[in-house]
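In: Sequence isn't available, so here's the structure alone:
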């Protein structure tokens with residue numbers, strides 16, 4: 001499961017975004033690295049219509065549905081920090097982590113992300129990263145095991 005997160009899939013925005021814009025960017029970054037096809041954004045939207053991917057602690061993890069697994073070419077992650085926040089169905093989100101998992105790999109990736117974001121000190125450290133490179137370094141030890 002190494003290298004599911006690549007530096008080119010990490011962004012920091014000083015402003016805010018809508019939930020749709022944030023999901024689209026997450027999907028576009030996954031597509032740019034060859035992890036998913038163009039159909040994956042629609043899969044993320046379908047998942048969000050049935051159940052919110054808001055996880056708490058300023059984190060949302062949009063991902064596709066089981067019925068759309070064919071849109072996943074390889075496991076990958078995208079991470080976007082919105083310093084102005086995202087209104088995720090009434091919940092405040094700073095971090096949007098797009099996830100695509102081949103087979104059952106997404107379960108292990110989700111577990112690692114959940115552990116990282118369960119610690120307030122870790123979330124504060126991620127929020128304090130001053131560049132995409134710094135954010136990538138802070139995350140990669142947790143998800144690129």
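Out: Perfect, thanks for sending it. Just so it is clear, the structure is predicted and the values come from calculations on it, not from any experiment. Numbering: from 1, shown residues only.

In: Residue 80 is in contact with residue 95, correct?
Out: Yes - checked against C-beta atoms under 8 Å, the pair residue 95 and residue 80 is within contact range at 7.5 Å. In this view, the C-beta of every residue, glycine as well, is placed from N, C-alpha and C.

In: how many neighbours does residue 72 have?
Out: For residue 72, the neighbour count with other C-beta atoms under 10 Å is 24.

In: was I right about it contacting residue 44?
Out: No - assessed by C-beta under 8 Å, residue 72 is found out of contact with residue 44, at 11.5 Å.

In: Spit out the residues that contact those two alike.
Out: Taking C-beta atoms under 8 Å, 6 or more residues apart in numbering as the criterion, residue 72 and residue 44 both touch residue 64.

In: in stretch 99-115, what's buried?
Out: Of the residues in stretch 99-115, those buried under the neighbour-count criterion (16 or more other C-beta atoms under 10 Å) are 99, 100, 101, 105, 106, 109, 110, 112, 113.

In: packing partners for the helix or strand bottoming out on mean pLDDT in the chain?
Out: Counting by mean pLDDT, DSSP states H and E, the weakest-scoring helix or strand in the chain turns out to be helix 105-117, with a mean of 84. Using 3 or more C-beta pairs under 8 Å, 6 or more residues apart in numbering; DSSP states H and E as the contact criterion, the elements in contact with helix 105-117 are strand 54-56, strand 91-100, helix 120-128, helix 132-143.

In: what about it, distance to the chain center?
Out: 11 Å (C-alpha atoms, centre = their mean, to the nearest Å).

In: Show me what the residue most central in space within the chain bridges to in the sheet.
Out: Note on the chain: the residue nearest the mean C-alpha position is residue 97, at 1.0 Å, using C-alpha atoms, centre = their mean. Each beta-bridge partner of residue 97 is listed here, defined by DSSP bridges: residue 79.

In: List the contacts of it.
Out: Residue 97 makes contacts with 26, 59, 60, 61, 62, 77, 78, 79, 80, 113, as judged by C-beta under 8 Å, 6+ apart.
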